[in-house]
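> Whatever this is, show me its structure:
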Amino acid sequence: MRLRQIALVGHDLDACEADIRAILGVDYAYDDPGVGTFGLKNGVFPIGETFLEVVSPKQEGTTAGRLLEKRGGDGGYMVILQVEDIAAARKRIADAGARVVSETNREGGKVCYSHIHPRDIGGAIVSVDYMDPWEHWEWGGPEWRQHLKTDVSTAITGAEIQADDPPAMAGRWSEILGLPAREHGSFWCIPLDEGCEVRFVEATDGRGEGLSRFDVKVRDPGKVRAAAKARGKLREDGDVTIAGTRVRLVQA
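Presented below is the predicted three-dimensional model:
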């Protein structure tokens, strides 16, 4: 199981995309027509073999729109994990009593996903996705490899979920995903393949539970911070901000 995509939600899709391009050094976004089913428009950026998505409501009554209201602005939306055995992943979800809010099996079972209800896992909409072949990623579009740039950013390597009760939320994710949760001092963590992880920390910013931070591996953190500062997106602690979400820079 690997972390393949992080999704954020923003009121102004163009502004969020402009920040991503300028700060993280990527220049191609796929506009996935499939998200229209959920009343959304989006842009999906390849970062190495991983992807950063921003969604924005284009109509009233969307889940993303309700999240914008609930959390008081732009922020984290989804964590998308790629699995090698979708049947086993779906069985774990069912055995844990978690609801699935959306599910698909396309192209003869070569493209599959199950979106887990955020109330049943906590902190975010979590999707478990299967692709055949493993290297394929439907949500990045058919031409993402032709536009891939890794001279600034090379991979998304972590997601951080803030919770009222981090041990309990980590335990619930562990039960549903079938992976161990481990305590690391002030936070809990679920390790994933390829050196990635999902962390669970205490909610302290007054915005409630949710995806509050993610990690991006970059070649020159100083250069990225300078780009963020020029756009007013650099925090005092060294993180940058994109779509209301903190980005922790990891040295590539």
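
> Would you agree Trp173 falls within a helix?
Yes: under DSSP: H, G, I helix; E, B strand; the rest coil, Trp173 sits within a helix.

> How many residues are close by it?
25 (other CB atoms under 10 Å). Heads up, the C-betas are built off the backbone N, CA and C, glycines and all.

> pretty sure it contacts Ala124?
No: judged on CB atoms under 8 Å, Trp173 makes no contact with Ala124 at a distance of 9.7 Å.

> Which parts of the stretch 151-252 of the chain are helices?
166-177, 221-230 (DSSP state H, counting those that start in this stretch).

> which one of those helices is the most hemmed in?
Ranked by mean neighbour count, the helices of the stretch 151-252 of the chain are led by helix 166-177 with a mean of 20 (mean count of other CB atoms under 10 Å).

> packing partners for that one?
helix 86-95, helix 118-121, strand 125-131, strand 187-191, strand 197-202 (3 or more CB pairs under 8 Å, 6 or more residues apart in numbering; DSSP states H and E).

> Now distance to Arg246 and mean neighbour count too, for those, in JSON lines please.
Listed next are these as JSON lines, based on distance: least, CB to CB, whole Å; neighbours: other CB atoms under 10 Å:
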{"stretch": "helix 86-95", "distance to Arg246": "28", "mean neighbour count": "16"}
{"stretch": "helix 118-121", "distance to Arg246": "20", "mean neighbour count": "17"}
{"stretch": "strand 125-131", "distance to Arg246": "19", "mean neighbour count": "22"}
{"stretch": "strand 187-191", "distance to Arg246": "14", "mean neighbour count": "19"}
{"stretch": "strand 197-202", "distance to Arg246": "11", "mean neighbour count": "20"}
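
> picking that back up, mind putting the helices of the stretch 151-252 of the chain in CSV, mean pLDDT and distance to Ala18 included?
Output for these, formatted as CSV (pLDDT from 0 to 100; distance: least, CB to CB, whole Å):
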stretch, mean pLDDT, distance to Ala18
helix 166-177, 98, 33
helix 221-230, 98, 12
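
> Those into JSON lines, with extra columns for distance to Arg21?
Below are those laid out as JSON lines (distance: least, CB to CB, whole Å):
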{"stretch": "helix 166-177", "distance to Arg21": "32"}
{"stretch": "helix 221-230", "distance to Arg21": "10"}
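
> and Ile156, which of these is closest to it?
helix 221-230 (13.7 Å; CB to CB).

> What does the residue nearest to Glu138 when sequence neighbours are not counted show for phi and psi?
In this structure, Glu138 finds its nearest non-sequential neighbour in Val111, 4.9 Å apart by CB to CB, 6 or more residues apart in numbering. Per-residue torsions, Val111: phi -130, psi 110 (degrees, to the nearest 10).
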